[in-house]
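Trainee: fold the stuff below for me.
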Amino acid sequence: MNIVVFIKQTFDTEAKIVLDGSGKIDANGVNLIINPYDEFAIEEGLKLKEKLGGEVTVVSLGGARAQEAIRTALAMGADKGVLVSDPALDNSDEWNNAEVLAKAVSDIPYDIILAGRIAIDDGSSQVAVRIAESLNIPSVSSVLKLDVNGTQATVTREIDGGTEVIEVGLPVVITAQKGLNEPRYPSVAGIMKAKKKPLKTMKLADLGFGDIAPKMNVDKFSLPTARKAGQVIPGEAAQAAQELARLLREEAKVL
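Mentor: Numbering: from 1, shown residues only. From the prediction side, this is the model:
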């Protein structure tokens, strides 16, 4: 079983986002992690490998620091990594990212491709399904359970108000939802082994791409309006309740 897992390096979920003078996100001093939904994809790939044999290849796109995310996945148990890193991709969009990543795996044998259902930084939830379209293979999103038997997969996916069971032939792209599994932590031995596992870095020219232009541009980022401080209403319960009702009616205008 040849398994490919796409991962993305994102800001830590607890990081404080700050904008620089140009209106872009300032990454200085911010801790970077593997996108949490991609961790479910890595774990599922490792479980398939343990059950069916084969190898797990982790693929990512990003700057030099993205190697850290790949090394973490290798420490979890993946076998090798591929990183596409090129300055021309700094302002790339989902369309270009999907085309580049699809090309990066076109020469890698794969029976199943896994990715997180969404990235916590941009929330686009587009790249994995675009990759499936580029590779001309089916995709199933928001998967909560995956069973592979031969060349068929039975998939339980989350839908509005319930779940749906789908049977699909391999190869297929699967995007992982929270609840699919419980990602493992890298062991000390795994971290040491990861240093010796192969990690191939490629540029756009290595994949046959020339100049690429995004179809979408982000004009600016803005932080949400700061929340107002809460108000404590003093006094006895009956008195405070009357004052609360007045404030809700006259100031908040919700009554």
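Trainee: show me where the stretch 1-150 of the chain has strands.
Mentor: 2-6, 9-11, 32-34, 55-61, 80-84, 112-116, 139-149 (DSSP state E, counting those that start in this stretch).
Trainee: is it true that residue 154 touches residue 169?
Mentor: No. Using C-beta atoms under 8 Å as the test, residue 154 is too far from residue 169 to be in contact (11.2 Å). (Each C-beta comes from the backbone N, C-alpha and C, glycine too.)
Trainee: give the contact list for residue 235.
Mentor: Contact analysis of residue 235 by C-beta atoms under 8 Å, 6 or more residues apart in numbering lists residue 243.
Trainee: distance of it relative to residue 252?
Mentor: 19 Å (C-beta to C-beta, to the nearest Å).
Trainee: returning to what we had before: looking at the strands of the stretch 1-150 of the chain, spot the one closest to residue 186.
Mentor: Of all the strands of the stretch 1-150 of the chain, the one in closest proximity to residue 186, counting by C-beta to C-beta, is strand 32-34 (10.8 Å).
Trainee: pLDDT of the closest one, averaged?
Mentor: Over the span of strand 32-34, the pLDDT mean works out to 94.
Trainee: need the longest helix for the chain.
Mentor: Counting by DSSP state H, the longest helix found in the chain is helix 36-52.
Trainee: for it, name the packing helices and strands.
Mentor: strand 2-6, strand 55-61, helix 66-76, strand 112-116, strand 139-149, strand 172-176 (3 or more C-beta pairs under 8 Å, 6 or more residues apart in numbering; DSSP states H and E).
Trainee: low-scoring stretches of the stretch 1-150 of the chain, by residue?
Mentor: Within the stretch 1-150 of the chain, the stretches with pLDDT under 70 are 22-23.
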